[in-house]
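S.K.: no sequence on this one, just coordinates:
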C-alpha cells in the first residue's frame, strides 16, 4: 500500500466507510487492497483470474479468503454483496465487452449497495499497451453511461492526473432498486 | 472540517506533507483549513479580505495569525513562502483578472515551493451565481494554462463530481526556478 497515492486511498476508504456487509475485491491482484480494507474492519474477500496472484495473496494475507475466478462470472448469489471494489480490473475489457463484468457486479450487489471502479481515464476512449496486454482509457462520461446501463446510479466520480503518470479515474455507483 | 469531503482533505494533507517552511492560507475565510494544517504541524497563517471572517478566525483559533488583506497584493516578501493554499479564493476573479493573484502567489512562493488551488471545475469557462456574487467555473486545462503562465509547473490535478453538488477541481503547482 506504500505505493498507493494517498488520494486514491482516501477515495477507497471513504467508499468503504459506508459499507457494512460482505464486500468483494473483484480482480484483487496480489490482494493489497483486500488486506487494507480487511484491516479497516471490512468483511472482504478477493477473487482474481490469475492463479499466481491468488497464491501470492493467500500467502501474504492468510486470514483472508482469495479465490481464482473471472469477474465476468462471479460465484456469488444475486444481491449477495454490499459492495464491490474493482480496482483497475476492467481495464483490459474492450468497450463492447465491459458490460459483462458491470452487469455481473449489478447482479451480485444488493440494491443500495455500492461499486467502486478504478480505471485509466482519458479524453477519448482508446486502447494502449499496458504491461503484457492491451488496456483501455475511458472518458468519465462514457464509462459512467456503461455503469448506468448495467443498473447503477453514478454518485461520485474523481480524476487524478499526476505529472509523469497515466491519469486515473474513479467512480462510485449505487445499485438501483 | 466535518463538512469537508474526505477526499478534498486527503488532497490538501498530501500537499501539506511535502512542505516545511512558512505557508499562507490565502483567502482563508473562517480559518478552518488554516487551523487544520496548523494542527498537522505546519507553520501557517491566514489572510482574508473580509474583516468579519478574520475576526471569527482569530476568536476560533487564538494561536494562529490572521490578517485582513487581498490575495491580489500580499504583504509577503518575494520568495517568502514555502507554499500557498488558495481554497476557492480565486473563484470570484474573472478570467481576465485571475492572473493577478496567481502572479502574486508566484512572487511570494520560493522556487520549488508549492501552490494548491481549489476551484469549481466545468467543461467550459463560464460564470454562475454563487452566494452573494458571481463565481467562475474553469476547465482544468484553462486554469492550468493560467497557472503555468504565472510561473508555475502544474504537477497534479484532481476533479471530483459528487451527485447534487458542483464539481470541484484541485491543482498542485510548483514554482519554477
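M.R.: Thanks, I have it. None of the values given here were measured: they were computed from a predicted structure.

S.K.: which parts of chain A sit against chain B?
M.R.: A:5-7, A:9-11, A:13-14, A:17, A:140, A:153-163 (CB under 8 Å from any CB of the partner chain). Quick note: C-beta positions are derived from backbone N, CA and C, even for glycine.

S.K.: what about those residues, which are in helices?
M.R.: A:6-7, A:9-11, A:13-14, A:140 (DSSP state H).

S.K.: neighbours of the closest residue in space to residue A:140 that isn't next to it in sequence, just the number please.
M.R.: Nearest non-adjacent residue to residue A:140, counting by CB to CB, 6 or more residues apart in numbering or on different chains: residue A:157, 5.1 Å away. Using other CB atoms under 10 Å in any protein chain shown, residue A:157 has 23 other residues around it.

S.K.: so residue A:157 touches residue A:145, yeah?
M.R.: No: using CB atoms under 8 Å, residue A:157 is not in contact with residue A:145, being 12.0 Å away.

S.K.: which single residue in chain A comes nearest to chain B?
M.R.: Nearest residue of chain A to chain B, counting by CB to the nearest CB: residue A:10, 3.2 Å away.

S.K.: and the gap between residue A:117 and residue A:169?
M.R.: As defined by CB to CB, to the nearest Å, residue A:117 lies at a distance of 8 Å from residue A:169.

S.K.: same question, residue A:98
M.R.: From residue A:98 over to residue A:169 (counting by CB to CB), the distance is 13 Å.

S.K.: any common contacting residues for those two?
M.R.: Counting by CB atoms under 8 Å, 6 or more residues apart in numbering or on different chains, the common neighbours of residue A:98 and residue A:169 are residue A:143.

S.K.: where does pLDDT dip in chain A?
M.R.: For chain A, no stretch is flagged by pLDDT under 70.

S.K.: just the strands in it please.
M.R.: For chain A, the strands defined by DSSP state E cover A:23-26, A:44-48, A:66-68, A:81-87, A:109-120, A:126-130, A:133-137, A:152-162, A:168-175.

S.K.: so can I have JSON lines of those strands showing distance to residue B:66?
M.R.: Output for the strands of chain A, formatted as JSON lines (distance: least, CB to CB, whole Å):
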{"stretch": "strand A:23-26", "distance to residue B:66": "44"}
{"stretch": "strand A:44-48", "distance to residue B:66": "44"}
{"stretch": "strand A:66-68", "distance to residue B:66": "52"}
{"stretch": "strand A:81-87", "distance to residue B:66": "42"}
{"stretch": "strand A:109-120", "distance to residue B:66": "39"}
{"stretch": "strand A:126-130", "distance to residue B:66": "48"}
{"stretch": "strand A:133-137", "distance to residue B:66": "44"}
{"stretch": "strand A:152-162", "distance to residue B:66": "32"}
{"stretch": "strand A:168-175", "distance to residue B:66": "35"}
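
S.K.: can you tell which of these is closest to residue B:128?
M.R.: strand A:152-162 (20.0 Å; CB to CB).

S.K.: point me to the residue sitting closest to the centre of chain A.
M.R.: By CA atoms, centre = their mean, the mean C-alpha position of chain A lies nearest to residue A:86, the distance being 0.7 Å.

S.K.: residue A:156 against residue B:162, yeah?
M.R.: Yes: counting by CB under 8 Å, residue A:156 touches residue B:162, with 4.8 Å between them.

S.K.: the two: which has the busier surroundings?
M.R.: Neighbour comparison, residue A:156 and residue B:162: the larger count goes to residue A:156, with 21 against 15 (by other CB under 10 Å).

S.K.: list the beta-bridge partners for that one.
M.R.: residue A:172, residue B:162 (DSSP bridges).

S.K.: against residue B:3, how distant is it?
M.R.: In terms of CB to CB, residue A:156 sits 16 Å off from residue B:3.

S.K.: again with residue A:8
M.R.: To residue B:3, residue A:8 is 23 Å away according to CB to CB.

S.K.: residue A:52 now?
M.R.: Where residue B:3 is concerned, residue A:52 sits at a distance of 45 Å (CB to CB).

S.K.: of those two, who's got more company?
M.R.: Between residue A:52 and residue B:3, counted using other CB under 10 Å, the more crowded position is residue A:52 (10 against 5).

S.K.: buried ones among the ones in helices among the residues of chain A next to chain B?
M.R.: Buried residues within these, counting neighbours by 16 or more other CB atoms under 10 Å in any protein chain shown: A:7, A:9-11, A:14, A:140.
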